[in-house]
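Student: Build me a structure from this.
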Amino acid sequence: MRRLAHMALLAWLSILASAALAFDNGQYGNVPSDIRAWFKSVMAPNGVPCCDISDGHRTSYDVRDGAYWVPIEGRWMMVPERAIIRHRGNPVGEAVVWYVHHRGEIIISCFVPADAV
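Tutor: Below you'll find the predicted structure:
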């Protein structure tokens, strides 16, 4: 059952990515072009562009028992391993998380730690 749910989530993310749904509503007008380009270029480990499915949010984070945890909308959530991007660099110097709301749940699609290289 869990594998089926994971496959459904990946299919859903792929559909959204293929629709090229970028969520830049002008809220990033004061962001330097190189930082904006980085946000738009980050890809999830499964190959889906992070910004095609959600906005990136600078965030604090914690490491608990080897797993990353981030605060999203007032609650701490564990970052799934499938969302962690370790080798894409991080020019903002803060952790960034991309997430979406789907059927009443928050789904973390991408996460770049502050010290990603």
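Student: going forward, measure contacts between C-alpha atoms and count neighbours the same way
Tutor: OK.
Student: neighbours of residue 39, just the number please.
Tutor: By other Cα atoms under 10 Å, the residues close to residue 39 number 21.
Student: Going forward, count from 5.
Tutor: All right, first residue 5 from here; so that's residue 43.
Student: Are we agreed that it is in a helix?
Tutor: Yes - Residue 43: assigned to a helix according to DSSP: H, G, I helix; E, B strand; the rest coil.
Student: doesn't residue 55 make contact with it?
Tutor: Yes - with contact defined as Cα atoms under 8 Å, residue 43 and residue 55 form a contacting pair (6.7 Å).
Student: Residue 92: what secondary structure?
Tutor: coil.
Student: What are the phi and psi values at it?
Tutor: Main-chain dihedrals, residue 92, degrees, to the nearest 10: phi -120, psi 0.
Student: Would you mind measuring from residue 106 to residue 42?
Tutor: 25 Å (Cα to Cα, to the nearest Å).
Student: who's more crowded, these two?
Tutor: residue 42 (16 against 10).
Student: In contact with that one, which residues?
Tutor: residue 95 (Cα atoms under 8 Å, 6 or more residues apart in numbering).
Student: pLDDT score for it?
Tutor: Looking at residue 42, its pLDDT reads 86.
Student: now stretch 50-57: how far from the chain's centre is it?
Tutor: 8 Å (Cα atoms, centre = their mean, to the nearest Å).
Student: what's the average pLDDT for that stretch?
Tutor: On average, stretch 50-57 scores 80.
Student: Check stretch 113-121 too.
Tutor: Mean predicted confidence for stretch 113-121 is 87.
Student: Okay, buried residues for that stretch please.
Tutor: By 16 or more other Cα atoms under 10 Å, the buried positions in stretch 113-121 come out as 113, 114, 115, 116, 117, 118, 120.
Student: again with stretch 79-88
Tutor: Applying a neighbour-count criterion of 16+ other Cα under 10 Å, the buried positions in stretch 79-88 are 81, 83, 87, 88.
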